[in-house]
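Q: Provided below for reference: sequence and predicted model.
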Amino acid sequence: MKIVTYCSPYILNEYLELITKLLFCCRTICLSSMKKLHHIQVLPLKQDHSFISPSSQILHLLKTCSLTDAIHLLNASQPTLSLKPVIYASLLQTSVKTNSFHHGASVHAHVLKSGLHSDRFVGNSLLTLYFKLNPGPHLSHARHLFDSLHVKDVISWTSLISGYTRSGLPRQSISLFYEMFAFPIQPNAFTLSSVIKACSALNDVNLGRCFHSLVITRGFDSNTVVSCSLIDMYGWNRAIEDARRVFDEMFVKDDVFCWTSIISCFTRNDMYKEALQFFYVMSRVRGVVPDGYTFGTVLTACANLGLLRQGKEVHGKVVGLGFGGNVVVESSLLDMYGKCGCVRRSRIVFDRLSDEKNHVSWTAMLGVYCQNKEYQNVLDLVRERGDLDFYAFGIVLRACSGLAAVNHGKEVHCMYVRKGGWKDVIIESALVDLYAKCGMVDFACTMFERMEVRNLITWNSMISGFAQNGRGVEALALFEDMIMEGIRPDSITFVAVLFACSHAGLVDEGRRFFTLMGQYGIKPVVEHYNCMIDLLGRAGFIDEAEFLLENADCRYDKSLWAALLGACTKCSDYTTAERVAKKMIELEPDFHLSYVLLNNIYREVGRWDDALEIRKLMEDRGIKKMAGKSWIDSQNRKGSHANVFME
């Protein structure tokens with residue numbers, strides 16, 4: 001039986017009006033009481049921090065990042081203090097925030113004493129500490145800590161997976177992801193981002209596509225962090241179309257990170273024009289403000305395209321947006337001006353860094369000098385710095401190679417050994433190149449044979465060393481060994497091989513290797529034709545050399561005609577020599593050897609009037625024979641200053 005209560009609207013309105021009057025009276029009484037209390041003099045009370053608990057004091061200190069004071073308070077309160085897990089977790093998170101692994105390790109000791117190391121919240125914070133601040137030496141400790149957790153959530157698994165990826169162990173990262181999948185734990189965006197980065201490190205695009213499908217099925221395709229990781233993964237694996245498709249399908253494109261990812265993808269794959277087009281769309285059409293990483297990538301694109309004017313425009317944006325003090329951006333500016341040939345501007349940017357110079361900026365400036373073949377300035381800058389890091393050793397050794405300064409190169413070699421350098425394939429390849437170019441081929445060969453890891457640069461350096469020192473047969477034998485090792489030759493390799501054939505007079509081998517280039521998809525360029533023309537010209541096959549030059553894509557290059565002209569100096573076919581000399585005069589009117597050779601041809605066949613006309617033409621055009629030069633090495637001088645690396 002239900003009882004239905006009915007209240008008329010009239011009575012309800014009376015009740016509401018009565019309640020409203022009561023509330024108004026209460027408010028009036030409260031206000032009058034507060035006014036009376038306002039006139040009463042309140043005696044000042046001395047603050048007593050003893051009423052504040054140590055836990056609250058520690059949390060207050062951590063909010064201001066006073067980590068040292070918080071740990072002092074923690075030590076002073078022990079062992080009587082029994083803290084909650086949130087306090088230890090906050091201490092560990094602040095250690096990560098302030099990049100203080102030492103303090104984090106001391107907090108870990110307190111955690112072990114309190115027995116809270118198996119707590120999920122504290123354990124996740126410890127994993128973050130070890131993997132973000134010091135993953136390498138303490139990787140086993142972090143894994144042991146992970147295994148000791150009674151409850152592992154997605155944060156625990158993600159911390160370990162990202163830690164393995166950050167430590168350069170991508171296979172362990174992916175294996176752990178599969179292990180996580182065996183438990184009823186669903187990955188989050190950061191988990192998927194970490195394993196996608198592991199695929200980038202492995203250069204396994206097929207595995208990356210599998211994770212891409214997982215991203216779509218789990219509904220993370222709209223997540224910016226995951227999408228940027230996918231773009232980066234496809235970019236490292238040269239799958240440009242896939243990277244572009246991921247970018248086009250993104251829902252939100254007003255984030256600077258997604259634009260930087262796709263621009264970096266283009267730059268990494270030598271698509272510099274596309275990188276600049278996207279940058280202009282990003283900044284001018286979409287109005288997205290670039291950050292330091294965006295500017296660094298765009299400046300790299302301008303540098304590789306040699307676009308000085310556009311590089312200056314980007315420099316203006318850098319200054320306007322306040323990135324002038326960013327060392328990464330400034331180093332990219334150094335590189336851009338250097339690759340555009342403006343060494344003076346690079347030095348101005350470098351000098352403005354003042355106290356902000358670090359290894360990156362110093363190495364970038366050394367690279368600018370070396371790239372513009374100002375090798376002596378490289379040595380002077382090293383003397384000014386007084387120290388070298390491992391990244392700079394390769395540049396300085398290149399400068400020593402360019403100066404043929406074997407003694408300075410030996411000093412750099414000793415500095416590298418004293419710093420503990422060992423088995424660095426880049427630096428050891430530069431050492432092989434140095435000793436080979438300085439005529440110490442046997443020593444270079446010994447270093448080459450002792451190297452456990454050899455890349456394409458190492459093989460090219462050794463083959464070029466044999467070729468340049470007249471040991472063409474050994475150069476070709478080494479080339480065959482490289483093919484047997486499974487190393488794919490590049491354009492530079494064939495330049496060295498053809499050079500070896502040219503100076504060893506191996507005509508048939510040269511023809512064979514020139515044809516072999518097509519099987520590797522390498523299109524001959526000026527350097528290859530130069531070697532072939534020199535090879536055929538030395539062997540007396542002037543007609544074949546001229547036919548090869550006439551049918552080349554680069555047949556109007558003056559250096560090729562100069563090489564053919566040099567071959568004609570020893571031939572008896574004066575008609576061909578005259579034709580080549582006139583062609584060279586047409587392409588390069590200021591090249592003195594063309595006139596000299598043509599003059600000698602006319603004198604040889606008794607055409608004295610034509611010889612006098614050539615001499616008169618040289619005088620009218622103000623062309624003089626260039627004086628010969630020799631490079632000498634004395635005890636005190638080698639081209640310029642010596643004793644650069646004195647300690």
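A: Yep, that arrived.
Q: from here on, contacts and neighbour counts on C-alpha atoms
A: Fine.
Q: residue contacts, Cys265?
A: When the contact criterion is CA atoms under 8 Å, 6 or more residues apart in numbering, the partners of Cys265 are Ile231, Asp232, Tyr234, Gly235, Trp236, Ile240, Ala243.
Q: Just the pLDDT for the last one.
A: In other words, Ala243. Reading off the confidence values, Ala243 has pLDDT 95.
Q: Which helix or strand contains it?
A: Using DSSP states H and E, Ala243 sits within helix 240-248.
Q: May I have the helix or strand that comes right after that helix as CSV, with CA atoms only?
A: Stepping forward along the backbone from helix 240-248, the first helix or strand reached (DSSP H and E) is helix 256-268. Below are the C-alpha coordinates for helix 256-268, written out as CSV (Å, rounded to 0.1, in the frame of the first residue of the first chain):
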residue,chain,number,x,y,z
VAL,A,256,55.1,22.0,-33.7
PHE,A,257,56.3,18.5,-32.9
CYS,A,258,54.4,16.9,-35.8
TRP,A,259,55.7,19.5,-38.2
THR,A,260,59.2,19.1,-37.0
SER,A,261,58.9,15.3,-37.4
ILE,A,262,57.9,15.4,-41.0
ILE,A,263,60.5,18.2,-41.8
SER,A,264,63.2,16.1,-40.2
CYS,A,265,62.0,13.1,-42.2
PHE,A,266,62.5,14.9,-45.5
THR,A,267,65.9,16.3,-44.4
ARG,A,268,67.1,12.9,-43.3
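Q: which residues of this protein fall in strands?
A: Remark: no strands are assigned in the chain by DSSP state E.
Q: Report pLDDT for the most centrally placed residue in the chain.
A: With the centre of the chain defined as its mean C-alpha position, the nearest residue by CA atoms, centre = their mean is Arg268, 9.0 Å away. You'll see Arg268 listed with a pLDDT of 93.
Q: Same question for Gln78.
A: On the pLDDT scale, Gln78 is placed at 59.
Q: next one: Asn124
A: You'll see Asn124 listed with a pLDDT of 80.
Q: same deal with Ser630?
A: Taking Ser630 on its own, its pLDDT is 61.
Q: swap in Ile52?
A: 64.
Q: where does the chain dip in pLDDT?
A: In the predicted model of the chain, residues 1-52, 77-83, 117-118, 134-138, 354-357, 569-573, 625-647 satisfy pLDDT under 70.
Q: picking up where we left off before, so which of the contacts of Cys265 belong to helices?
A: The members of the contacts of Cys265 that map onto helices under DSSP state H are Ile231, Asp232, Tyr234, Gly235, Trp236, Ile240, Ala243.
Q: So what's the residue count around Thr575?
A: The tally of other residues near Thr575 (other CA atoms under 10 Å) stands at 10.
Q: same question, the one 4 residues further on
A: The local packing count at Arg579 equals 13, with neighbours defined by other CA under 10 Å.
Q: ok, so what distance separates it from Asp543?
A: Separation of Arg579 from Asp543 (CA to CA, to the nearest Å): 12 Å.
Q: what do you get for Ala301?
A: From Ala301 to Asp543 the distance is 43 Å (CA to CA).
Q: The two - which one has more neighbours?
A: Between Ala301 and Asp543, Ala301 has the larger neighbour count (other CA under 10 Å), namely 26 against 13.
Q: Let me know how buried the nearest residue to Arg120 once chain neighbours are set aside is, in neighbour terms.
A: Across the structure, with CA to CA, 6 or more residues apart in numbering as the measure, the residue nearest Arg120 apart from its sequence neighbours is Val151 (6.1 Å). Counted by other CA under 10 Å, the residues lying close to Val151 total 13.
Q: Arg603 versus Val151, what's the distance?
A: As defined by CA to CA, Val151 lies at a distance of 97 Å from Arg603.
Q: ok, now Gln371?
A: The spacing between Gln371 and Arg603, counted by CA to CA, is 44 Å.
Q: okay, those two: which has more neighbours?
A: When Gln371 and Arg603 are compared for neighbours, Gln371 comes out ahead with 18 against 15, by other CA under 10 Å.
Q: Let me see the contact set for that one.
A: Contacts for Gln371 (CA under 8 Å, 6+ apart) come out as Gly338, Lys339.
Q: Could you give me the buried positions within stretch 483-493?
A: Pro489, Ser491, Thr493 (16 or more other CA atoms under 10 Å).
Q: Is it correct that the last one is in contact with Gly465?
A: No. The pair Thr493 and Gly465 fails to qualify as a contact (CA atoms under 8 Å) at a distance of 11.6 Å.
Q: any idea how far the closest residue to Asn223 other than its chain neighbours lies from Val318?
A: What sits nearest to Asn223 in space, not counting adjacent residues and going by CA to CA, 6+ apart, is Ala189, at 7.2 Å. Computed with CA to CA, the distance linking Ala189 and Val318 is 32 Å.
Q: Looking at these two, which has the bigger crowd around it?
A: More neighbours surround Val318 than the other of Ala189 and Val318, with 22 against 18 (other CA under 10 Å).
Q: Next, count neighbours for the closest residue to the more buried one other than its chain neighbours.
A: For Val318, the nearest residue in space outside its immediate sequence neighbours is Gly324; the separation is 6.1 Å by CA to CA, 6+ apart. Neighbouring residues of Gly324 were enumerated by other CA under 10 Å; the total is 19.
Q: how close does Gly324 sit to Arg555?
A: With distances taken as CA to CA, Gly324 is found 46 Å from Arg555.
Q: And for Gly537?
A: Separation of Gly537 from Arg555 (CA to CA) stands at 16 Å.
Q: Could you check which of these two has the larger neighbour count?
A: For Gly537 versus Arg555, neighbours defined as other CA under 10 Å are more numerous around Gly537 (25 against 16).
Q: OK, contacts around that one?
A: The neighbours of Gly537, taking CA under 8 Å, 6+ apart as the test, are Ala545, Leu564, Ala567, Cys568.
Q: So what's the gap between stretch 106-119 and the chain middle?
A: Put simply, stretch 106-119 sits 40 Å off its chain's centre (CA atoms, centre = their mean, to the nearest Å).
Q: hang on, isn't Ser173 packed against Thr158?
A: No. Taking CA under 8 Å as the definition, Ser173 is not a contact partner of Thr158, at 9.5 Å.
Q: burial measure for the residue nearest to Ile395 when sequence neighbours are not counted, as a count.
A: If the residues on either side of it in the chain are set aside, Ile395 comes closest to Gly367, at 6.3 Å by CA to CA, 6+ apart. For Gly367, the count of nearby residues is 25 (other CA under 10 Å).
Q: That concludes my questions; thank you for your assistance.
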